[in-house]
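>>> Got a predicted structure here, sequence first:
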Amino acid sequence: MSVNSIALAYLVAAVFFILSLKGLSSPVAARRGNLLGMLGMGIAVATTLTITGNWTLILSCIAIGAAIGAIVAQRIQMTAMPELIAFMHSLVGLAAVLIAIAAVNNPVSFDLPEVLPAGNKLELFLGTFIGAMTWSGSVIAFLKLSGRMSGAPIVFGGQHMINLLMAIVMIGFGLWFFFSETTNWTAFFTMTAIAFLLGFLIIIPIGGADMPVVISMLNSYSGWAAAGIGFSLGNPMLIIAGSLVGSSGAILSYIMCKAMNRPFLSVILGGFGSDGGTQSASDGTQKTYRSGSADDAAFLLGNADSVIIIPGYGLAVARAQHAVKELALALHEKGINIRFAIHPVAGRMPGHMNVLLAEAEIPYEMVQEMEEINSDFPNTDVVLVLGANDVVNPAANVQGSPIYGMPILEAYKARTVMVVKRSMAAGYAGLDNDLFYMDKTMMVFGDAKKVVEDMVKAL
């Protein structure tokens, strides 16, 4: 292909990527957005293959990767999507590091001068340390999300100061690599090793409740790592794709921060969620709550005019989305106004609940975001909370509370609230929920799927 043909093909692929992001902004257009993204990536890969040699090796690696991806995609459960995404981010970061090492080791094979210019050294430095931090941070996120590591924050004295000193030392070795006249492997590998360690230390103090923000933040990091390597390789497609991922991930992180009332800068630096650890679940006073059965809940639902269902991670764990769809349709057939309220950080990744409801083919018009539906709670007869905790905790309105100022779904304003949980255990934030002890609230204990199925039978 000519240079102009390659540039045109990459431009077309970039347009498809942009249209893909546009489609992914809405559940209705998400399927089309995915297809456009796949088409754009297909064009980009095919174009890249035309300007590279050793097709046998490249296509063999692609085939192996595709086979592994296909097997994982078929076996993965929807509830495991958060940890799968974290794992994918780690691979992007590791790929950036390995490409940078290859480029430093043999610049000529990447069409770079034998003695790397200062600009290429800077790009490789940025791509390497961002990629290394993305890999190690994503590994910790994967371990926490998959339950292989405790979701509680891991904190120790002087943590922030140690991270700051390590960052300064890492940048120092990066500058040494940058100003060296020849390839300085000592500086390069030391910088990379510190970046790997720093990624671990930045993510381990972050608790499970903040994982949705971590996912979007690591998504952004992986994009910037890819863009940095794209500059070094002189590949405009990699620069564009990486920049799109990096910028969209940063915007999503900002949206998540607003949803959780977190300072954006402290999220980018990995400092949030690290000061207090888990909070006491109770102030020591004895509280009473009202409990009922699935039949009681079905009676209240069947006699309501309007119902709002709030899904949480407990619904995902129980894989209750299909049972919830049956419940929603049963209520809808009775002429009841039924809606789903989605908090931006419900679950363990941005859009987690939207994904589960979409998998169950719950009509999109029934699903509303927090800003749309909060004003409806005072006029709602029954709110059904399924496995959610912190996102409906009225403690967010109490000054001095660890979650003070965090926007919540205002379920406590409804006439009646029913909460389906396995127990009275606190949520990820480690806080007791005053909603559970209100006179208007009835607790229904049990597995969300089983409880909802019993409600459907009773209806």
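Happy to help now that I have it.
>>> And stretch 223-242, what's buried?
223-233, 235-242 (16 or more other Cβ atoms under 10 Å). C-betas here are computed from N, CA, C, even on glycine.
>>> In three-state terms, label Arg148 for me.
coil (DSSP: H, G, I helix; E, B strand; the rest coil).
>>> What is the neighbour count of it?
9 (other Cβ atoms under 10 Å).
>>> Can you pull the phi and psi angles for it?
Phi and psi for Arg148, reported as degrees, to the nearest 10, are phi -80, psi -10.
>>> Can you give me the distance of the closest residue to it other than its chain neighbours to Ser220?
Distances taken as Cβ to Cβ, 6 or more residues apart in numbering put Phe142 closest to Arg148, at 7.9 Å, once the chain neighbours are dropped. Distance, Phe142 to Ser220, by Cβ to Cβ, to the nearest Å: 17 Å.
>>> the more surrounded of those two?
Ranked by neighbour count (other Cβ under 10 Å), Phe142 and Ser220 place Ser220 first, with 24 against 21.
>>> any low-confidence regions in the stretch 351-459 of the chain?
Scanning the stretch 351-459 of the chain for pLDDT under 70 picks out the ranges 427-430.
>>> now the chain
Low-confidence segments of the chain (pLDDT under 70): 53, 78-79, 151-153, 207-210, 259-262, 264-286, 427-430.
>>> Can you give me the buried ones in the longest helix along it?
Across the chain, the longest stretch assigned as helix under DSSP state H is helix 118-145. Residues of helix 118-145 classed as buried: 120-145 (neighbour count, 16+ other Cβ under 10 Å).
>>> Name the next helix or strand downstream of it, please.
helix 159-179 (DSSP states H and E).
>>> Which element, helix or strand, includes the nearest residue to Met349 once chain neighbours are set aside?
Nearest residue to Met349 in three dimensions, chain neighbours excluded: Pro82, at 4.1 Å (Cβ to Cβ, 6+ apart). In this structure, Pro82 sits in helix 81-105 according to DSSP H and E.
>>> ok now that helix, how far from the chain's centre?
Its chain's C-alpha centre and that of helix 81-105 lie 17 Å apart, by Cα atoms, centre = their mean, to the nearest Å.
>>> just checking, what packs against it?
helix 118-145, helix 185-203, helix 211-233, helix 352-359 (3 or more Cβ pairs under 8 Å, 6 or more residues apart in numbering; DSSP states H and E).
>>> Let's see that with 6 Å instead.
helix 118-145, helix 211-233 (3 or more Cβ pairs under 6 Å, 6 or more residues apart in numbering; DSSP states H and E).
>>> Same list (those) but as CSV, adding distance to Met455.
Output for the helices and strands packed on helix 81-105, formatted as CSV (distance: least, Cβ to Cβ, whole Å):
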stretch, distance to Met455
helix 118-145, 29
helix 211-233, 28
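>>> Quick one: residues in contact with stretch 164-179.
Lys121, Phe125, Asn184, Ala187, Phe188, Thr190, Met191, Ile194, Ala195, Leu198 (Cβ atoms under 6 Å, 6 or more residues apart in numbering).
>>> For Val419, which three-state class applies?
Going by three-state DSSP: Val419 is strand.
>>> domain parsing for this protein?
The chain breaks down into these domains under automatic domain parsing: 1-75, 79-268, 294-458.
>>> Out of these, flag the one nearest Lys287.
domain 294-458 (4.8 Å; Cβ to Cβ).
>>> Which neighbouring elements make contact with the helix or strand containing Gly242?
Taking DSSP H and E as the definition, Gly242 sits inside helix 236-260. If contacts are counted by 3+ Cβ pairs under 6 Å, 6+ apart, helix 236-260 sits against helix 3-24, helix 211-233, helix 264-268.
>>> please redo it, this time with the cut-off set to 10 Å
With contacts taken as 3 or more Cβ pairs under 10 Å, 6 or more residues apart in numbering; DSSP states H and E, helix 236-260 sits against helix 3-24, helix 30-50, helix 81-105, helix 211-233, helix 264-268.
>>> Buried residues in it, which are they?
Within helix 236-260, judged by 16+ other Cβ under 10 Å, the buried ones are 236-246, 248-250, 252-254, 256-257, 259-260.
>>> if we can go back for a sec, any chance of the helices and strands packed on helix 236-260 in a markdown table, with distance to Gln321 too?
Below are those laid out as a markdown table (distance: least, Cβ to Cβ, whole Å):
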| stretch | distance to Gln321 |
| --- | --- |
| helix 3-24 | 20 |
| helix 30-50 | 16 |
| helix 81-105 | 12 |
| helix 211-233 | 18 |
| helix 264-268 | 29 |
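>>> winner for burial among those?
helix 211-233 (a mean of 26; mean count of other Cβ atoms under 10 Å).
>>> which helices and strands does it pack with?
Checking 3+ Cβ pairs under 10 Å, 6+ apart, helix 211-233 ends up next to helix 81-105, helix 118-145, helix 185-203, helix 236-260, helix 264-268, helix 352-359.
>>> still on that earlier bit, out of the helices and strands packed on helix 236-260, nearest to Arg348?
Across the helices and strands packed on helix 236-260, closest to Arg348 is helix 81-105 (Cβ to Cβ), at 4.0 Å.
>>> Run the angle between that closest one and helix 352-359 for me.
Between helix 81-105 and helix 352-359, the angle comes out at 110 degrees (axes from the mean of the first three to the mean of the last three Cα atoms, to 10 degrees).
>>> Now do helix 81-105 against helix 185-203, angle only.
170 degrees.
>>> what angle do helix 81-105 and helix 211-233 make?
Using the same axes, to 10 degrees: helix 81-105 against helix 211-233 is 20 degrees.
>>> so how many other residues sit close to Ala297?
26.
>>> pretty sure Val234 is touching Pro117, no?
No, residue 234 isn't Val; it's Gly. No: applying Cβ atoms under 10 Å as the test, Gly234 and Pro117 come out as separate, 11.9 Å apart.
>>> Now for those two: what residues contact both?
The contact sets of Gly234 and Pro117 overlap at Glu123 (Cβ atoms under 10 Å, 6 or more residues apart in numbering).
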